[in-house]
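Asks: Have a look at this fold, sequence not included:
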């Protein structure tokens, strides 16, 4: 990266964050709904990025964890009326535990074998939901009447007030970016990248690769489960169709197109993969064709992803404060200073 | 006192016996050489010690603890760090991060501590970076800390592997052909580095084809041929051992 | 017992199609380590091209049914093969040295382009092959009634597979393909034109997929623009099951997947059929992490 | 350059905020233009746009031009929710659509919350109108009604061992469950109940199983492509159990897929197609459609979208208002025996269509759909 590009990065991120935060003042409900979807898929992309980006495991079944979280929220909320935001951590835990159980036996599989197994996992989950496993998922009908989140006595409906919901999901996104940034720059985050680059050398450096692989699945799934909670309470209705294999493919494309292992890349990826088909709505039945062409073109134009990860500095040799700035610009609200 | 003790190690690949009933001990505080012609099973012995390969039979003790069935990362935790014959760095990451990889097993902070940026994690992280910088300084790569590992020269990549291994606080460091690809000047510096490592109280065990290096650096040497130990002793004894001379002259190696 | 054998033949017929598509997956994978997610759509293109050529050329009227269908098959395979080469040039070749998953996303993009192009050209409704071209009588084999077309399909799949296997194993070109699959750089040093080999693979694989599409169209009659996604996924599963990159593995994997599906549906539940198939796949991979016939390569350390 | 221009056009469409204009009446159409149900959605668009053109040629509604605003719901719930927001923001009077109960359900809340009238055309799940939403209507009948007619038909034929086959979609599963409950309450029994995987080509496995259970009749609640394949393969296997299908089978492609020989004798339930209605409206519509597109309309569901549009236009015309409450009230209480393209249309308090909508059709030897009663 050139010095000029580095200098421009910080203010650029600040401007983007400011525009994002100001969006509800300028945009209508439809555009805000699109932005909410982008935020939700950005969150899903970031959680998948832990597994696919940092740890480099070919995982194309992330929708399974998303589904477990969404259904956990839906079932408990509609059965016992527990407020949905309280269920946020529980949905994460459910998805995380599910991931630990199913990933344990398959964690040693490499590359494409893992890819098909994760595809199989998401399909098995979908089929189980369709067939109303345990008799609580509503089968192919799904579950309706999920409450909107409510905070300090105020209902934050993703339907009536996408602007309110926008700030809820943005806050969660900012939180996620912050903690994932910290994770990336920690012993844990580095371990995932080591085992991604060379598992033998990672093991030889004293890293328990199997445990870290599993942990990556656990954390990624935990987060996807929480996003499932947000999604279910946004749309208030979920059915197995919302968790088809294609949804997992979409998450996969977000990470790879944006830049595997790069937080800004994943955010941009979500913006493109979710935003472009909406941008092309005016083209009606031609819109997906154009989307496909753009997808191939972008991949060829930027084979490493659009914003591949930049080398991290540790404030030792040539620190210019770039990484701390990147974080504070992105999360807007907290502006936490990050420096080892 | 013996730091590492190998007893009747046997390992087959398919039907081929790569290591056949090899026993030796590595005394603490020494520089120990493992030599032999190509295909003698030297690297296999290393891989057996570090748990990359499983023993078919035999035992390996490290500080009187049986590590024969231990996973690699546990062996590293116990205090054995290594370098690889074909350099294995995390090439897309910075030099500093590569050294931090070695530091990993001496750190504790988990994902939750990292996400919450707990004070303990911050302190640990700062110390780890300082220690990693110290190791880079020790091997002479401090100026390269922020570069990507893949941009280093071949010789420097070997040094980086050593720094990574040292960062793990090993009692025994295993170097697999550390001078491979180095020029004479670098090799001389390497001999000096090895003695500096030994001076830190770390036992060094190495495989090397460069016989002048082996003879200069090592205090004790074991010679393998076809997976069997054919000789052991100090450099002088080895150089005059008829079996060793036979092995090297009989083979197509001419480094001796 | 009769039910069992009937279900077995049902499974084998479907499995034969899976196997044929899986071959294309596995060949491309063998050379480039690329999962060509657009491969299923090449299969669909084969089915649609077959329909167009059948309707416009009326070959079966002029030269007779058998000869007409053979000519048709050759034309479809040729055209789909050429489309395969063009696909490689446009979407994969620029990504040869990029991270593997980038090419996967490019493949997914190509799949979207293909399926939507078919929808726009042929319309979103299912299309139907003319009937009466193929024999419909039913054979009585040891008390089992087996439609003769099932046997024809299975036989054709097997002939194509065995033909490919012999081609890969016994000919000079086949040897070049195998060499390039093992080590492209070494193959290049041995004077093999690797680019030509890749081109050839991107011809043969899609051609076989196209043949499978034509067979599906002719036998089952109904084709639609989304069918390639499902078949592609099944074929990918089959290729992995057998050990991806391995040609006999794709055959075994395809046939086995067909039988697993059929048996799972018949003896456990139709609604859970695909889940059962994936579950068995996962069990097999847990025991044999590189598939049934995949080689386990110990990494040199 | 062209691509950039195209992008700019698309972008301007995306960011276009609500445009208020007094001389047009906007009616939304939410339909699957892409994805698995694209054939339904594209036909819906053709029909609604055709009807809108007709109205505009005759001077529009209340002297204003009708503008149809189309949003692609892609046949998936998430896209549908966004499409609904898009239509609401374009300030439409009401929305026609969509196809698929779970897709409709994902958009229902948004229309309800924003006070937008919705007239669904292909969403037969019972619960959609049981939630008490004041602005929800549908021109299609409900699954329970269809299940009742289907079971009555089968029982009247003296069948008492019945196999039910669905495809795990919301609609087909719902209909299958309705039918099963009714059969369980009768003297007949369900000897087989399972699902096929839609989109496949080979259903011999499931047919072999059905044969093993030896039912008198098979009730298939899924869609026409699979029904066509089932009939075709059933003939090949020499299985002669009669099949009866749900209303998703009313598509001329059914016979094309099955072939006339395999299709003959297949019966299905459906609201009457325009060709079977004596009304001048139905005839005029058929002629116009034929003239515009050179063929007969494909699916009955798309025609039901046309009915939704016509009902809405009528309500605006009659009430002279574009106020949602006024229109909804008119549809529930004012509209009486409206001559639709699929028979007379009335709505009850839940917004469901009143009356015996279902007819039994049988496929004759030449592949024509013949109305049975």
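Replies: Perfect, I can see it now. Note that the coordinates shown come from a computational prediction; the quantities given were computed from them, not determined experimentally.

Asks: Please count neighbours and contacts with C-alpha atoms only from this point.
Replies: OK.

Asks: Show me what from chain B comes close to chain A.
Replies: Proximity of chain B to chain A (C-alpha under 8 Å from any C-alpha of the partner chain) is limited to residues B:50, B:72-77, B:81-82, B:88-94, B:97, B:101-102, B:104-105, B:107, B:109-111, B:114-117, B:122, B:125-126, B:129, B:143, B:145-146, B:148, B:164-165, B:168.

Asks: Which strand or helix spans residue 194?
Replies: In the absence of a named chain, chain A is used. helix A:187-197 (DSSP states H and E).

Asks: wrong chain, I was asking about chain D
Replies: With DSSP H and E as the test, residue D:194 turns up in strand D:189-195.

Asks: got any ranges where the stretch 101-250 of chain B has weak pLDDT?
Replies: B:249-250 (pLDDT under 70).

Asks: Can you name the residue of it nearest chain D?
Replies: Nearest residue of the stretch 101-250 of chain B to chain D: residue B:115, at 31.0 Å (C-alpha to the nearest C-alpha).

Asks: Residue of chain A closest to chain B, please.
Replies: For chain A, C-alpha to the nearest C-alpha, closest residue to chain B: residue A:206, 3.9 Å.

Asks: follow-up on the earlier one: please work out the average pLDDT along the helix holding residue A:194.
Replies: Computed over helix A:187-197, the mean pLDDT rounds to 95.

Asks: list the helices and strands it packs on?
Replies: helix A:199-204, helix A:209-235, helix B:95-103, helix B:111-116 (3 or more C-alpha pairs under 8 Å, 6 or more residues apart in numbering or on different chains; DSSP states H and E).

Asks: my guess is residue D:370 meets residue D:361, correct?
Replies: Yes. With contact defined as C-alpha atoms under 8 Å, residue D:370 reaches residue D:361; the gap is 5.3 Å.

Asks: what is the residue most central in space within chain B paired to in the beta sheet?
Replies: In chain B, the C-alpha nearest the mean C-alpha coordinate belongs to residue B:174, at 1.7 Å (C-alpha atoms, centre = their mean). Residue B:174 has these beta-bridge partners by DSSP bridges: residue B:82, residue B:205.

Asks: that older thread, for the helices and strands packed on helix A:187-197, which one sits closest to residue A:49?
Replies: Closest to residue A:49 of the helices and strands packed on helix A:187-197, according to C-alpha to C-alpha: helix A:209-235, at 7.7 Å.

Asks: anything in the closest one near chain C?
Replies: No. Using C-alpha under 8 Å from any C-alpha, we find that helix A:209-235 stays clear of chain C, coming within 14.8 Å at best.

Asks: And that helix, what's buried?
Replies: Applying a neighbour-count criterion of 16 or more other C-alpha atoms under 10 Å in any protein chain shown, one finds A:209, A:212-235 buried in helix A:209-235.

Asks: got it, and stretch B:185-199?
Replies: Buried residues in stretch B:185-199 (16+ other C-alpha under 10 Å): B:187, B:190, B:191, B:193, B:194, B:195, B:197, B:198.

Asks: which one of the residues you listed is nearest chain A?
Replies: Nearest to chain A among the buried residues of stretch B:185-199, counting by C-alpha to the nearest C-alpha, is residue B:197 at 18.0 Å.

Asks: now for the helix or strand where that closest one lies, which elements pack on it?
Replies: Element membership for residue B:197, per DSSP H and E: helix B:184-199. Secondary-structure packing of helix B:184-199 (3+ C-alpha pairs under 8 Å, 6+ apart): strand B:203-207, helix B:211-217.

Asks: I'd like to know which of the ones you listed lies nearest to residue A:128.
Replies: Taking C-alpha to C-alpha, strand B:203-207 is the member of these nearest to residue A:128, at 55.9 Å.

Asks: for the closest one, the distance to its chain's centre please.
Replies: Strand B:203-207 sits 6 Å away from the centroid of its parent chain (C-alpha atoms, centre = their mean, to the nearest Å).

Asks: pLDDT at the residue of the stretch 251-373 of chain D found nearest chain C, what is it?
Replies: In the stretch 251-373 of chain D, the residue that lies nearest chain C is residue D:257 (5.6 Å; C-alpha to the nearest C-alpha). We have a pLDDT of 88 for residue D:257.

Asks: and it, what element?
Replies: Assigned by DSSP H and E, residue D:257 falls in helix D:253-258.

Asks: after that helix, next one along is what?
Replies: Next element after helix D:253-258 (DSSP H and E): helix D:260-263.

Asks: all helices for chain C, in order.
Replies: C:2-32, C:39-57, C:59-62, C:65-87, C:100-122, C:148-170, C:172-182, C:184-189, C:194-220, C:227-242, C:247-267, C:273-287 (DSSP state H).

Asks: Now do the domain split for chain B, please.
Replies: Domains of chain B are assigned by automatic domain parsing as B:1-79+B:173-186+B:203-256, B:86-169.

Asks: Which one of these lies nearest to residue D:24?
Replies: domain B:86-169 (55.0 Å).

Asks: ok, the closest one near chain C or not?
Replies: Yes. Domain B:86-169 reaches chain C (C-alpha under 8 Å from any C-alpha) through residue B:86.

Asks: So, low pLDDT: which residues of the stretch 201-340 of chain A?
Replies: A:316-340.

Asks: how about 50 then?
Replies: Counting by pLDDT under 50, the stretch 201-340 of chain A shows low-confidence ranges at A:317-340.

Asks: any idea where the strands of it begin and end?
Replies: A:237-238 (DSSP state E, counting those that start in this stretch).

Asks: For it, which segments are assigned as helices?
Replies: Using DSSP state H, counting those that start in this stretch, the helices of the stretch 201-340 of chain A run over residues A:209-235, A:245-258, A:263-279, A:287-301, A:322-331.

Asks: tell me which residues in the fourth one are buried?
Replies: Counting neighbours by 16+ other C-alpha under 10 Å, one finds that the buried residues in helix A:287-301 are A:287-300.

Asks: check the residues you listed against chain D, which are close?
Replies: Answer for the buried residues of helix A:287-301 near chain D (C-alpha under 8 Å from any C-alpha): residue A:288.

Asks: Kindly indicate which of the buried residues of helix A:287-301 lies nearest residue D:65.
Replies: Of the buried residues of helix A:287-301, the one sitting nearest to residue D:65 (C-alpha to C-alpha) turns out to be residue A:287, at 27.1 Å.

Asks: Count the neighbours of the closest residue to that closest one other than its chain neighbours for me.
Replies: Sequence neighbours aside, residue A:280 is the residue nearest to residue A:287 in space, at 5.1 Å (criterion: C-alpha to C-alpha, 6 or more residues apart in numbering or on different chains). Neighbouring residues of residue A:280 were enumerated by other C-alpha atoms under 10 Å in any protein chain shown; the total is 23.

Asks: And for the host helix or strand of residue B:34, what's in contact with it?
Replies: Assigned by DSSP H and E, residue B:34 falls within strand B:31-35. Contact partners of strand B:31-35, identified using C-alpha atoms under 8 Å, 6 or more residues apart in numbering or on different chains, comprise B:26, B:42, B:198, B:203-209, B:214, B:217-224.

Asks: Put the buried members of those residues into a PyMOL selection.
Replies: Only the buried entries of the contacts of strand B:31-35 go into this PyMOL selection, using 16+ other C-alpha under 10 Å:
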select buried, chain B and resi 26+42+198+203+204+205+206+207+208+209+214+217+218+220+221+222+223+224
